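Quick check, what structure comes out for this input:
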Amino acid sequence: MKHTTSTGLENLCRTPLSLPKDCRIGLLANPASVDGKFRHASRLINDLYPDRLKALFSPQHGFFAEKQDNMIESGHTMDPELGIPVFSLYSNTRKPTKEMMDAIDLLMIDIQDVGTRVYTFIYTISYCLEAAARYGKSVVILDRPNPVGGVRVEGNILEENCASFVGRYPIPMRHGLTVGEIALLFNKRHGINADLKVVPMENWARDMFFEDTGLPWIAPSPNLPTPASAMVYPGQVIFEGTNLSEGRGTTQPFELFGAPFVDTDAILANLEGRISGAVLRPVCFQPCSGKWQNHVCQGFQIHVTSPATYRSYGTSMMLLQQIMQLHPDGFQWKEPPYEYEYQRRPMDLILGNERLADQLLEMDGIDALEDSWKGPANEFKEMSREFQLYG
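Numbers count the residues shown, from 1 in each chain. Sure, this is the predicted structure:
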(Lines give C-alpha, C1' and ligand atoms only; values in the text may rest on other atoms or scores of the structure.)
Protein backbone atom coordinates (compact mmCIF):
# COMPACT_ATOMS: atom_id res chain seq x y z
CA MET A 1 0.00 0.00 0.00
CA LYS A 2 1.32 3.44 -0.93
CA HIS A 3 2.15 5.69 1.99
CA THR A 4 1.78 9.46 1.89
CA THR A 5 4.75 11.16 3.47
CA SER A 6 4.51 14.59 5.08
CA THR A 7 7.66 16.70 4.77
CA GLY A 8 9.13 18.84 7.51
CA LEU A 9 7.69 21.88 5.73
CA GLU A 10 4.17 20.45 5.90
CA ASN A 11 4.63 19.50 9.55
CA LEU A 12 5.87 23.01 10.34
CA CYS A 13 2.75 24.45 8.72
CA ARG A 14 0.58 22.03 10.70
CA THR A 15 2.36 22.67 14.01
CA PRO A 16 4.31 25.94 13.82
CA LEU A 17 7.39 26.41 15.98
CA SER A 18 6.96 29.01 18.68
CA LEU A 19 9.38 31.81 17.80
CA PRO A 20 10.00 35.19 19.46
CA LYS A 21 7.96 37.96 17.81
CA ASP A 22 11.11 39.82 16.83
CA CYS A 23 12.80 36.71 15.32
CA ARG A 24 14.01 37.50 11.79
CA ILE A 25 13.90 34.42 9.53
CA GLY A 26 16.03 33.44 6.55
CA LEU A 27 15.24 30.53 4.21
CA LEU A 28 17.61 28.39 2.13
CA ALA A 29 15.47 26.94 -0.64
CA ASN A 30 15.04 26.35 -4.36
CA PRO A 31 12.16 25.20 -6.64
CA ALA A 32 11.92 21.77 -4.97
CA SER A 33 11.01 23.44 -1.66
CA VAL A 34 7.27 22.88 -2.05
CA ASP A 35 4.52 21.11 -0.16
CA GLY A 36 2.27 18.39 -1.57
CA LYS A 37 0.10 21.04 -3.21
CA PHE A 38 3.08 22.66 -4.96
CA ARG A 39 3.08 25.73 -2.69
CA HIS A 40 6.57 27.12 -2.16
CA ALA A 41 8.18 27.25 1.28
CA SER A 42 8.94 30.96 0.98
CA ARG A 43 5.26 31.83 0.66
CA LEU A 44 4.12 29.34 3.29
CA ILE A 45 6.68 30.55 5.84
CA ASN A 46 5.86 34.18 5.08
CA ASP A 47 2.17 33.43 5.74
CA LEU A 48 3.05 31.48 8.89
CA TYR A 49 5.30 34.21 10.31
CA PRO A 50 4.07 37.49 8.75
CA ASP A 51 6.70 40.16 8.14
CA ARG A 52 9.44 38.02 9.71
CA LEU A 53 10.93 36.41 6.58
CA LYS A 54 13.81 38.78 5.85
CA ALA A 55 16.13 36.95 3.42
CA LEU A 56 16.25 34.03 1.03
CA PHE A 57 19.35 31.94 0.25
CA SER A 58 19.98 29.69 -2.77
CA PRO A 59 22.32 26.73 -3.33
CA GLN A 60 24.10 25.66 -6.54
CA HIS A 61 22.03 26.10 -9.73
CA GLY A 62 20.26 29.18 -8.34
CA PHE A 63 17.06 29.97 -6.47
CA PHE A 64 15.09 28.97 -9.56
CA ALA A 65 17.44 26.05 -10.46
CA GLU A 66 18.02 27.81 -13.75
CA LYS A 67 21.80 27.25 -14.03
CA GLN A 68 22.58 24.07 -15.92
CA ASP A 69 26.14 23.06 -15.14
CA ASN A 70 28.97 23.14 -12.61
CA MET A 71 30.81 26.43 -11.99
CA ILE A 72 27.95 28.45 -13.49
CA GLU A 73 27.31 31.00 -10.78
CA SER A 74 24.06 32.78 -9.93
CA GLY A 75 24.01 36.34 -8.66
CA HIS A 76 22.29 37.93 -5.70
CA THR A 77 18.86 39.34 -6.45
CA MET A 78 15.59 40.45 -4.87
CA ASP A 79 12.34 38.55 -4.51
CA PRO A 80 9.91 40.85 -6.35
CA GLU A 81 6.82 39.78 -4.42
CA LEU A 82 8.28 39.63 -0.91
CA GLY A 83 10.69 42.50 -1.45
CA ILE A 84 13.56 40.74 0.33
CA PRO A 85 17.10 39.85 -0.81
CA VAL A 86 17.99 36.49 -2.33
CA PHE A 87 21.59 35.67 -1.42
CA SER A 88 23.32 33.24 -3.75
CA LEU A 89 25.59 30.70 -2.03
CA TYR A 90 27.01 29.68 -5.39
CA SER A 91 28.45 33.01 -6.47
CA ASN A 92 31.59 34.87 -5.45
CA THR A 93 31.16 32.96 -2.17
CA ARG A 94 29.85 29.55 -1.24
CA LYS A 95 29.72 30.49 2.44
CA PRO A 96 27.20 32.85 4.07
CA THR A 97 28.95 36.09 4.97
CA LYS A 98 28.52 38.11 8.16
CA GLU A 99 26.51 40.68 6.20
CA MET A 100 24.09 37.98 5.02
CA MET A 101 23.71 36.51 8.49
CA ASP A 102 23.27 39.96 10.07
CA ALA A 103 19.88 40.15 8.32
CA ILE A 104 18.45 37.17 10.24
CA ASP A 105 18.26 35.47 13.62
CA LEU A 106 17.11 32.04 12.43
CA LEU A 107 17.87 30.21 9.19
CA MET A 108 15.31 27.68 7.98
CA ILE A 109 16.52 25.15 5.41
CA ASP A 110 14.16 23.31 3.07
CA ILE A 111 16.30 21.55 0.48
CA GLN A 112 15.73 18.30 -1.43
CA ASP A 113 18.96 16.30 -1.27
CA VAL A 114 19.63 13.20 -3.40
CA GLY A 115 21.57 11.00 -0.97
CA THR A 116 24.93 11.23 -2.76
CA ARG A 117 28.28 12.42 -1.40
CA VAL A 118 29.12 14.63 -4.36
CA TYR A 119 25.83 16.55 -4.46
CA THR A 120 26.81 19.98 -3.20
CA PHE A 121 23.63 20.94 -1.33
CA ILE A 122 24.73 19.15 1.86
CA TYR A 123 27.99 21.13 1.90
CA THR A 124 26.14 24.40 1.41
CA ILE A 125 24.15 23.37 4.48
CA SER A 126 27.38 22.60 6.34
CA TYR A 127 28.70 26.10 5.54
CA CYS A 128 25.40 27.53 6.78
CA LEU A 129 25.80 25.61 10.04
CA GLU A 130 29.34 26.96 10.43
CA ALA A 131 28.18 30.52 9.78
CA ALA A 132 25.31 30.12 12.25
CA ALA A 133 27.71 28.89 14.93
CA ARG A 134 30.17 31.71 14.19
CA TYR A 135 27.59 34.53 14.23
CA GLY A 136 25.26 33.23 16.94
CA LYS A 137 22.29 32.26 14.79
CA SER A 138 19.94 29.25 14.98
CA VAL A 139 19.16 26.74 12.22
CA VAL A 140 15.97 24.74 11.61
CA ILE A 141 16.03 22.07 8.90
CA LEU A 142 12.70 21.02 7.42
CA ASP A 143 13.40 17.39 6.57
CA ARG A 144 12.74 15.69 3.23
CA PRO A 145 13.08 12.10 1.97
CA ASN A 146 16.29 10.57 0.73
CA PRO A 147 14.98 9.70 -2.77
CA VAL A 148 17.30 6.68 -3.11
CA GLY A 149 16.27 5.24 0.26
CA GLY A 150 17.69 5.09 3.73
CA VAL A 151 18.82 1.46 3.87
CA ARG A 152 21.65 0.95 1.40
CA VAL A 153 25.02 2.57 2.07
CA GLU A 154 27.39 2.19 -0.85
CA GLY A 155 30.93 3.00 -1.90
CA ASN A 156 34.26 4.02 -0.46
CA ILE A 157 34.70 6.61 2.26
CA LEU A 158 36.10 9.95 1.07
CA GLU A 159 39.77 10.43 2.00
CA GLU A 160 40.91 13.72 3.48
CA ASN A 161 43.31 14.54 0.65
CA CYS A 162 40.37 14.50 -1.79
CA ALA A 163 38.20 16.91 0.19
CA SER A 164 36.50 19.58 -1.95
CA PHE A 165 33.09 21.16 -2.50
CA VAL A 166 31.95 17.79 -3.91
CA GLY A 167 33.06 16.05 -0.71
CA ARG A 168 33.93 17.81 2.54
CA TYR A 169 33.62 14.93 5.00
CA PRO A 170 34.51 11.19 5.20
CA ILE A 171 31.22 9.68 4.07
CA PRO A 172 30.45 6.99 1.45
CA MET A 173 29.18 7.85 -2.00
CA ARG A 174 25.63 6.78 -1.12
CA HIS A 175 25.13 7.73 2.51
CA GLY A 176 21.57 6.52 3.27
CA LEU A 177 20.56 9.59 5.35
CA THR A 178 17.97 12.30 4.97
CA VAL A 179 19.10 15.90 4.69
CA GLY A 180 18.17 16.48 8.33
CA GLU A 181 20.02 13.41 9.52
CA ILE A 182 23.24 14.16 7.68
CA ALA A 183 23.15 17.75 8.94
CA LEU A 184 22.89 16.43 12.51
CA LEU A 185 25.89 14.16 11.79
CA PHE A 186 27.99 17.00 10.33
CA ASN A 187 27.07 19.29 13.19
CA LYS A 188 28.12 16.90 15.95
CA ARG A 189 30.78 14.62 14.45
CA HIS A 190 32.70 17.43 12.76
CA GLY A 191 32.59 19.90 15.61
CA ILE A 192 30.38 22.59 14.07
CA ASN A 193 28.12 22.75 17.15
CA ALA A 194 25.51 25.09 15.70
CA ASP A 195 22.14 25.56 17.44
CA LEU A 196 20.34 23.06 15.17
CA LYS A 197 16.82 21.65 15.19
CA VAL A 198 15.23 19.29 12.63
CA VAL A 199 11.50 19.31 11.95
CA PRO A 200 11.03 15.65 10.96
CA MET A 201 8.80 14.04 8.36
CA GLU A 202 5.85 11.80 9.10
CA ASN A 203 5.21 8.46 7.42
CA TRP A 204 8.66 8.01 5.95
CA ALA A 205 10.55 4.76 6.52
CA ARG A 206 14.10 3.90 5.59
CA ASP A 207 13.09 1.30 3.00
CA MET A 208 11.04 3.84 1.00
CA PHE A 209 12.11 5.27 -2.34
CA PHE A 210 10.75 8.55 -3.63
CA GLU A 211 7.91 6.95 -5.58
CA ASP A 212 6.66 5.43 -2.31
CA THR A 213 6.16 8.81 -0.63
CA GLY A 214 3.24 10.15 -2.66
CA LEU A 215 5.09 13.49 -2.88
CA PRO A 216 5.50 15.44 -6.12
CA TRP A 217 9.00 15.36 -7.61
CA ILE A 218 10.35 18.81 -8.43
CA ALA A 219 13.81 18.69 -9.97
CA PRO A 220 16.28 19.90 -7.29
CA SER A 221 18.69 20.71 -10.10
CA PRO A 222 18.18 20.82 -13.87
CA ASN A 223 19.87 17.50 -14.61
CA LEU A 224 17.89 15.43 -12.12
CA PRO A 225 14.48 15.80 -13.75
CA THR A 226 12.90 12.60 -12.40
CA PRO A 227 13.23 10.12 -9.52
CA ALA A 228 14.71 7.72 -12.08
CA SER A 229 17.61 10.09 -12.77
CA ALA A 230 18.18 10.49 -9.03
CA MET A 231 18.18 6.69 -8.60
CA VAL A 232 21.15 6.18 -10.94
CA TYR A 233 22.97 9.39 -9.99
CA PRO A 234 25.14 7.98 -7.12
CA GLY A 235 26.93 5.87 -9.71
CA GLN A 236 26.49 7.72 -12.97
CA VAL A 237 27.94 10.93 -11.58
CA ILE A 238 31.40 9.36 -11.92
CA PHE A 239 31.20 9.86 -15.69
CA GLU A 240 31.49 13.60 -15.05
CA GLY A 241 35.18 12.85 -14.45
CA THR A 242 35.64 11.41 -17.95
CA ASN A 243 35.21 12.40 -21.60
CA LEU A 244 32.00 10.34 -21.81
CA SER A 245 28.70 12.14 -21.92
CA GLU A 246 26.78 11.61 -18.69
CA GLY A 247 23.62 12.57 -20.57
CA ARG A 248 23.72 16.32 -20.00
CA GLY A 249 22.17 18.05 -22.98
CA THR A 250 19.57 15.28 -23.36
CA THR A 251 16.13 14.80 -21.83
CA GLN A 252 17.42 11.90 -19.68
CA PRO A 253 20.64 13.01 -17.97
CA PHE A 254 22.51 10.34 -15.99
CA GLU A 255 20.10 7.66 -17.23
CA LEU A 256 21.82 8.00 -20.62
CA PHE A 257 25.58 7.88 -21.05
CA GLY A 258 28.04 7.13 -23.81
CA ALA A 259 30.40 8.47 -26.48
CA PRO A 260 30.86 8.04 -30.24
CA PHE A 261 33.51 5.33 -29.68
CA VAL A 262 31.57 3.05 -27.29
CA ASP A 263 31.03 -0.58 -28.38
CA THR A 264 27.78 -1.50 -26.61
CA ASP A 265 27.78 -5.11 -27.87
CA ALA A 266 31.19 -5.83 -26.35
CA ILE A 267 30.21 -4.28 -23.03
CA LEU A 268 26.98 -6.27 -22.82
CA ALA A 269 28.85 -9.49 -23.62
CA ASN A 270 31.43 -8.86 -20.88
CA LEU A 271 28.82 -7.91 -18.25
CA GLU A 272 26.30 -10.65 -18.96
CA GLY A 273 24.76 -11.79 -15.66
CA ARG A 274 26.66 -9.23 -13.59
CA ILE A 275 24.12 -6.39 -13.47
CA SER A 276 21.46 -6.78 -10.79
CA GLY A 277 18.34 -4.68 -10.38
CA ALA A 278 18.64 -2.92 -13.73
CA VAL A 279 18.62 -3.44 -17.49
CA LEU A 280 21.14 -1.81 -19.82
CA ARG A 281 19.40 -0.83 -23.05
CA PRO A 282 21.72 0.11 -25.94
CA VAL A 283 20.90 3.55 -27.35
CA CYS A 284 22.14 6.25 -29.69
CA PHE A 285 21.73 9.85 -28.58
CA GLN A 286 22.96 13.28 -29.61
CA PRO A 287 23.56 15.83 -26.83
CA CYS A 288 22.48 19.37 -27.70
CA SER A 289 24.95 20.79 -25.15
CA GLY A 290 27.86 19.64 -23.00
CA LYS A 291 30.24 16.86 -23.92
CA TRP A 292 29.92 15.52 -27.49
CA GLN A 293 27.48 18.28 -28.38
CA ASN A 294 25.87 17.58 -31.79
CA HIS A 295 27.71 14.24 -32.10
CA VAL A 296 25.91 10.89 -32.14
CA CYS A 297 26.93 8.83 -29.11
CA GLN A 298 26.61 5.09 -28.64
CA GLY A 299 25.82 4.07 -25.09
CA PHE A 300 23.10 2.88 -22.76
CA GLN A 301 20.04 3.91 -20.89
CA ILE A 302 19.93 2.39 -17.41
CA HIS A 303 16.46 1.14 -16.52
CA VAL A 304 16.27 0.36 -12.80
CA THR A 305 13.91 -2.60 -12.37
CA SER A 306 14.53 -3.30 -8.67
CA PRO A 307 15.62 -0.25 -6.64
CA ALA A 308 16.15 -2.38 -3.52
CA THR A 309 18.81 -4.54 -5.20
CA TYR A 310 20.32 -2.05 -7.66
CA ARG A 311 23.92 -1.10 -6.77
CA SER A 312 24.25 2.31 -8.36
CA TYR A 313 27.94 2.93 -7.57
CA GLY A 314 29.11 -0.64 -8.19
CA THR A 315 27.24 -0.88 -11.49
CA SER A 316 28.67 2.37 -12.83
CA MET A 317 32.15 1.29 -11.72
CA MET A 318 31.81 -1.90 -13.76
CA LEU A 319 30.66 0.10 -16.78
CA LEU A 320 33.51 2.58 -16.43
CA GLN A 321 36.04 -0.21 -16.16
CA GLN A 322 34.71 -1.90 -19.29
CA ILE A 323 34.92 1.33 -21.29
CA MET A 324 38.45 2.02 -20.08
CA GLN A 325 39.62 -1.46 -21.02
CA LEU A 326 37.79 -1.74 -24.36
CA HIS A 327 38.55 1.78 -25.59
CA PRO A 328 42.03 2.82 -24.40
CA ASP A 329 42.47 5.10 -27.44
CA GLY A 330 39.12 6.86 -27.07
CA PHE A 331 38.72 7.09 -23.30
CA GLN A 332 40.18 10.07 -21.42
CA TRP A 333 39.97 11.55 -17.95
CA LYS A 334 38.42 15.01 -17.69
CA GLU A 335 40.98 17.73 -17.04
CA PRO A 336 40.60 20.44 -14.37
CA PRO A 337 38.93 22.72 -13.44
CA TYR A 338 36.08 21.02 -11.65
CA GLU A 339 34.05 22.67 -8.87
CA TYR A 340 36.65 25.39 -8.28
CA GLU A 341 39.54 22.91 -8.06
CA TYR A 342 42.12 23.88 -10.66
CA GLN A 343 44.94 21.39 -10.02
CA ARG A 344 43.55 18.07 -8.81
CA ARG A 345 42.09 15.51 -11.23
CA PRO A 346 38.28 15.78 -11.27
CA MET A 347 37.84 12.01 -11.13
CA ASP A 348 39.81 11.80 -7.88
CA LEU A 349 37.57 14.42 -6.29
CA ILE A 350 34.42 12.59 -7.43
CA LEU A 351 35.66 9.19 -6.26
CA GLY A 352 37.12 10.63 -3.07
CA ASN A 353 40.32 8.65 -3.56
CA GLU A 354 43.49 9.43 -5.54
CA ARG A 355 44.27 5.77 -6.33
CA LEU A 356 40.88 4.33 -7.21
CA ALA A 357 40.63 5.55 -10.80
CA ASP A 358 43.96 4.01 -11.74
CA GLN A 359 43.17 0.80 -9.84
CA LEU A 360 40.20 0.22 -12.14
CA LEU A 361 42.57 -0.29 -15.06
CA GLU A 362 44.59 -2.90 -13.15
CA MET A 363 41.79 -5.10 -11.76
CA ASP A 364 39.82 -7.90 -13.40
CA GLY A 365 36.66 -6.72 -11.64
CA ILE A 366 35.45 -4.52 -8.87
CA ASP A 367 34.47 -7.33 -6.48
CA ALA A 368 37.69 -6.91 -4.51
CA LEU A 369 37.23 -3.14 -4.41
CA GLU A 370 33.66 -3.47 -3.18
CA ASP A 371 34.80 -5.92 -0.51
CA SER A 372 37.39 -3.40 0.66
CA TRP A 373 34.69 -0.73 0.99
CA LYS A 374 32.21 -2.84 2.95
CA GLY A 375 33.96 -2.63 6.32
CA PRO A 376 34.32 1.17 6.39
CA ALA A 377 30.84 1.63 4.91
CA ASN A 378 29.34 -0.58 7.62
CA GLU A 379 31.25 1.38 10.27
CA PHE A 380 29.78 4.58 8.86
CA LYS A 381 26.32 3.03 8.86
CA GLU A 382 26.66 2.01 12.51
CA MET A 383 28.01 5.41 13.49
CA SER A 384 25.22 7.21 11.64
CA ARG A 385 22.47 5.35 13.54
CA GLU A 386 22.91 7.91 16.31
CA PHE A 387 21.54 10.56 13.95
CA GLN A 388 18.73 8.57 12.33
CA LEU A 389 15.28 10.01 12.98
CA TYR A 390 13.24 7.24 11.33
CA GLY A 391 12.93 3.48 11.77
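
same for the strand or helix carrying Ala368, what does it pack against?
Ala368 belongs to helix 367-384 when elements are defined using DSSP states H and E. Counting contacts by 3 or more C-beta pairs under 8 Å, 6 or more residues apart in numbering; DSSP states H and E, helix 367-384 packs against strand 154-157, strand 172-174, helix 179-189. Quick note: C-beta positions are derived from backbone N, CA and C, even for glycine.

Out of these, the one nearest Ser33 is which?
Smallest distance to Ser33 across the helices and strands packed on helix 367-384 (C-beta to C-beta): 11.3 Å, for helix 179-189.

Domain-wise, how is the chain divided?
As given by automatic domain parsing, the domain ranges for the chain are 8-218+382-387, 227-371.

quick one, strands of this protein?
25-28, 53-58, 77-79, 84-88, 106-109, 138-142, 154-157, 172-174, 195-199, 256-259, 278-285, 297-304 (DSSP state E).

Nearest approach to Glu370 belongs to which of these?
Closest among these, using C-beta to C-beta: strand 154-157, at 8.7 Å.

Excluding chain neighbours, what is closest to Gly8?
Spatial nearest neighbour of Gly8, chain neighbours left out: Leu142 (3.3 Å); criterion: C-beta to C-beta, 6 or more residues apart in numbering.

Identify the residues contacting that neighbour.
Going by C-beta atoms under 8 Å, 6 or more residues apart in numbering, Leu142 touches Thr7, Gly8, Leu9, Asn11, Leu12, Ala41, Met108, Ile109, Asp110, Gly180, Val199.

Equivalent analysis for Gly299, please.
Leu244, Ser245, Leu256, Phe257, Gly258, Ala259, Val262, Thr264, Pro282, Val283, Cys284, Phe285.

Can you tell me which of these comes closest to His327?
Taking the contacts of Gly299 together and measuring to His327 by C-beta to C-beta, the closest member is Val262, at 6.8 Å.

My guess is the closest one contacts Val296. True?
No: with contact defined as C-beta atoms under 8 Å, Val262 and Val296 do not form a contacting pair (11.0 Å).

Tell me which of the helices and strands packed on helix 367-384 sits most buried.
strand 172-174 (a mean of 27; mean count of other C-beta atoms under 10 Å).

which stretches of the stretch 101-250 of the chain form helices?
121-135, 179-189, 227-236 (DSSP state H, counting those that start in this stretch).

Tabulate these (a markdown table), appending mean pLDDT and distance to Asp102.
Formatted as a markdown table, these follow (pLDDT from 0 to 100; distance: least, C-beta to C-beta, whole Å):
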| stretch | mean pLDDT | distance to Asp102 |
| --- | --- | --- |
| helix 121-135 | 98 | 8 |
| helix 179-189 | 98 | 22 |
| helix 227-236 | 98 | 36 |
